[in-house]
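1. structure, please.
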Amino acid sequence: MELHRILEIVADCDATYFELVRGPWGTAFSIDVSDGTVGFYGHHARAVFRADVAVAIEFGLQYDDGRDWQEPWATFADRTIRGFWADITYNGQVVLRRLMLSVDGGRCVLPAPRPVIEGVAGNAVVAGQAVTRHERDFARLVDELSSGRDFERYFQHSQFVIEG
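-> Model prediction:
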C-alpha cells in the first residue's frame, strides 16, 4: 500500500473504523541505577484499522520526558500542554510520526503547529500558528480514539490555520 492511501484512510475515517487496544506498544524500559526505579517508554494505545489490519495508529509515547509547558495560543481553562508522539504504522513499521498536543488538562488532542512568520529578518513577527490538513485530520482521529468529543471547538479556539 502506498503512503498517500494510508493518509487518505486517516483523513476519511473516524474512530469507529478502528479497533482500540490498550498498550504498552513499542515498549522500552530504563532502570535508574541510583534507586532501581524502572521507567517505561512507549505508546499506551494502538488502534488497528478494521478493513486492513496492516494499518494501525499507535500513540502516547511521551515528548520531552512528559514535561508540560504553555503557549500564548493555548488560552483554555487549563493552559497546560503535554506533548506525545502518534505513529501511523504499516505491517508494524512506522511510516509517519507526528507530535500531538494534549491541551486543557487532557480534554483534547491537537496537532503541534508551526509558527506563521510575517515580515523580513530583523522585523519578523509570529502572526499565528499553522498545521497541514493531514496533521489536523490525524489529530482529530487520535483525539476521537482518546475519547475526545470537542475537537472542532478546540481547533477553532486555537485559531490554527490550515496550510498545504
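
2. quick one: contacts for residue 62?
-> When contacts are counted by Cβ atoms under 8 Å, 6 or more residues apart in numbering, residue 62 is found next to 41, 82-85. No exception for glycine: its C-beta is placed from N, CA and C like everyone else's.

3. go with 7 Å
-> When contacts are counted by Cβ atoms under 7 Å, 6 or more residues apart in numbering, residue 62 touches residue 84.

4. how about residue 71?
-> By Cβ under 7 Å, 6+ apart, the contact list for residue 71 reads residue 81.

5. going forward, begin numbering at 56 instead of 1
-> Understood, numbering begins at 56; the last thing we discussed is residue 126.

6. let me know the secondary structure of it.
-> The three-state label given to residue 126 by DSSP: H, G, I helix; E, B strand; the rest coil is coil.

7. same question for the one 5 residues further on.
-> Here residue 131 is coil, with the state taken from three-state DSSP.

8. that one contacts residue 156, doesn't it?
-> No - using Cβ atoms under 7 Å, residue 131 is not in contact with residue 156, being 11.1 Å away.

9. residue nearest the centroid of this structure?
-> The centroid of the chain falls nearest to residue 155 when counting by Cα atoms, centre = their mean (2.4 Å).

10. between residue 131 and residue 156, which has more neighbouring residues?
-> Legend: neighbour count by other Cβ atoms under 10 Å for residue 131 and residue 156, higher for residue 156 (20 against 16).

11. what sits against the more buried one?
-> The contact partners of residue 156, by Cβ under 7 Å, 6+ apart, come to 136, 138, 164-165, 167.

12. which stretches in the chain count as helices?
-> Assigned by DSSP state H, the helices in the chain fall at 58-67, 188-200, 206-213.

13. among those helices, which is the most enclosed?
-> By mean neighbour count, with neighbours taken as mean count of other Cβ atoms under 10 Å, helix 188-200 ranks first of the helices of the chain at a mean of 21.

14. if we can go back for a sec, can you give me the pLDDT of the residue nearest to the centre of the chain?
-> Residue 155 carries a pLDDT value of 98.
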